[in-house]
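>>> Have a look at this prediction, sequence included:
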Amino acid sequence: MAEALFWSCVGLLAYTYFGYPALIGLWARLAPRRVAASPDFRPRVAVIVVARNEAERIRAKIETCLAQDYPAPLLRVVVASDGSTDATEAVVREFDPARVTLLAFAAPRGKAACLNDAIADCDEEVLVLTDARQRLNPEAVRHLVSNLADPAVGAVGGELVFEATDASGFASGVGAYWRYETFIRRSQAAIHSSPGVSGALYALRRSCFRPIAPNTILDDVAIPMQAVLQSRRVVFDGRARAYDTPSVDAARERRRKVRTLAGNFQLLVLYPQLLLPWRNPIALQFVSHKVLRLLAPWAMLGALVANGLLAPRAPAYAVLLAAQLAFYALALAGTLLPASARWTAVRLPATFVALNAFALLGLFEFATNRNAHLWRAGPEAAAGGPRP
């Protein structure tokens, strides 16, 4: 029994973090699906930014949207202020109302509710959704939109690029993790669709949108997956970029990831059809990329306990137990001694263990916090970033 448990747990972990990325990468290389993109496709576009108390950043955000290499008469910026109590709305009103629309909501309700209302206010054929934090490259909208010339495509994700501002082990770990995530998303999109995009930058065909639950935490998974459920593709275009800096605050990154993982649990409750292969054409990708990661911390615990029971029985299991304990010791060192995270041998175990600990905390957050969809206090609340 212990042996079966041990190898089942090890197999699940190996498939989730190594086998699936390798499989999807090979699949994308051998059988990619072409996107019939066209640079001549020029529909009307609404760029939607939901913000709360972003007075310090909203001007720069609007300017990076208006500076897009896209015909000005065809592009409008919509800023939805979710009960802002600072000067956010005053800054937005300084722009030409013909090009920048302000939707000011008196009470904070969360990003999902604001997106529902903002999109209902738009009649443009294409919506580009982006967070308040990141600047965009001038070609971002043009490249995203070009993919929607293909009628099979319902949504297009852009690339979130981290520009390191320091050499800390923590920031390096965040950047490395996001490169791993980007590889998986790019590969998934190449064969059909990515089950989620970066909320920092993506485009959606307006006809594919359906209002989402107002308490939705992961709108950047729920909204693109609506397109998939309508038999459209969600593709990736790395030429459309949003630039950010990796977090150097471990506590802030922890809060953000716990909230994100709570959102993954919530998705399974709000949209159980995502698990059904006859409803979701990328059910394999969704389960492999999203669901199995929620099970991974339990598999880690199961492997450790089973290995402890097996170690006295055979030298091979004793060696494996010693290896497991050494791995967790390195992870602990990376947590207690942040300077040691500069070493790859410490940084990788520390990042892996932390991400899986966040999944356990995410389950607790989902079970106990009914307001997880609302903005937290502070400017970091609106920050986009890598999501498991």
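Done, it's in. Numbering: from 1, shown residues only.

>>> got the contact list for Arg279?
Leu229, Gln273 (Cβ atoms under 8 Å, 6 or more residues apart in numbering). Using the backbone N, CA and C atoms, a C-beta is placed for each residue, glycine as well.

>>> Where does it sit, in terms of helix or strand?
Per DSSP states H and E: Arg279 is located in neither a helix nor a strand.

>>> tell me the phi and psi of it?
phi -110, psi -40 (degrees, to the nearest 10).

>>> Ok, Leu148 next?
According to degrees, to the nearest 10, Leu148 has phi -80, psi 0.

>>> Low-confidence ranges, the stretch 51-200 of the chain, go.
164-175 (pLDDT under 70).

>>> Mind jotting down where the strands sit in it?
All strands of the stretch 51-200 of the chain, identified by DSSP state E, counting those that start in this stretch, fall at 75-82, 100-105, 126-130, 135-136, 153-162.

>>> What is the neighbour count of Asn307?
Other residues lying near Asn307 total 23 when counted by other Cβ atoms under 10 Å.

>>> and Ala240, that's in a strand?
Yes: counting by DSSP: H, G, I helix; E, B strand; the rest coil, Ala240 is part of a strand.

>>> Adding mean neighbour count and distance to Ala176 as columns, could you present the strands of the stretch 51-200 of the chain in TSV?
Shown next, in TSV, are the strands of the stretch 51-200 of the chain (neighbours: other Cβ atoms under 10 Å; distance: least, Cβ to Cβ, whole Å):
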stretch	mean neighbour count	distance to Ala176
strand 75-82	24	32
strand 100-105	17	37
strand 126-130	26	24
strand 135-136	20	22
strand 153-162	25	10
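
>>> Reformat the ones you listed as JSON lines; add distance to Ala22.
Formatted as JSON lines, the strands of the stretch 51-200 of the chain follow (distance: least, Cβ to Cβ, whole Å):
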{"stretch": "strand 75-82", "distance to Ala22": "40"}
{"stretch": "strand 100-105", "distance to Ala22": "45"}
{"stretch": "strand 126-130", "distance to Ala22": "31"}
{"stretch": "strand 135-136", "distance to Ala22": "32"}
{"stretch": "strand 153-162", "distance to Ala22": "21"}
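
>>> looking at the ones you listed, which is closest to Gly238?
Proximity to Gly238 (Cβ to Cβ) singles out strand 153-162 among those, at 4.4 Å.

>>> The closest one versus strand 126-130: what angle between them?
Calculated by axes from the mean of the first three to the mean of the last three Cα atoms, to 10 degrees, strand 153-162 forms an angle of 20 degrees with strand 126-130.

>>> and strand 153-162, which strands flank it?
Applying DSSP bridges, strand 153-162 is found paired with strand 201-205 (antiparallel), strand 233-244 (parallel).

>>> For the helix or strand following the longest one, list every residue counted as buried.
Elements were assigned by DSSP H and E; along the chain past strand 233-244, the next helix or strand is helix 250-270. Within helix 250-270, the residues that count as buried by 16 or more other Cβ atoms under 10 Å are 250, 252-253, 255-267, 270.

>>> Kindly report the same for stretch 31-45.
So for stretch 31-45, counting by 16+ other Cβ under 10 Å, buried means Val35, Ala37, Arg42, Val45.

>>> ditto for stretch 80-89
Here stretch 80-89 shows Ala80, Ser81, Asp82, Gly83, Ser84, Thr88, Glu89 as buried, counting by 16+ other Cβ under 10 Å.

>>> For stretch 214-221, give the mean pLDDT please.
In this model, stretch 214-221 has an average pLDDT of 94.

>>> Now tell me what touches that stretch from outside.
109-113, 115-116, 129, 195-199, 202, 212, 222, 259-260, 262-264, 266-267, 270, 290, 370, 372-373, 387.

>>> any idea how far Ala55 is from Val91?
Using Cβ to Cβ, to the nearest Å, Ala55 is found at 6 Å from Val91.

>>> Also Lys257?
Here the criterion is Cβ to Cβ. By it, Lys257 lies 30 Å from Val91.

>>> Do a quick rundown of the helices in this protein.
Assigned by DSSP state H, the helices in the chain fall at 2-14, 20-30, 58-66, 88-93, 111-120, 140-147, 169-191, 219-229, 250-270, 283-286, 292-310, 315-336, 344-368.
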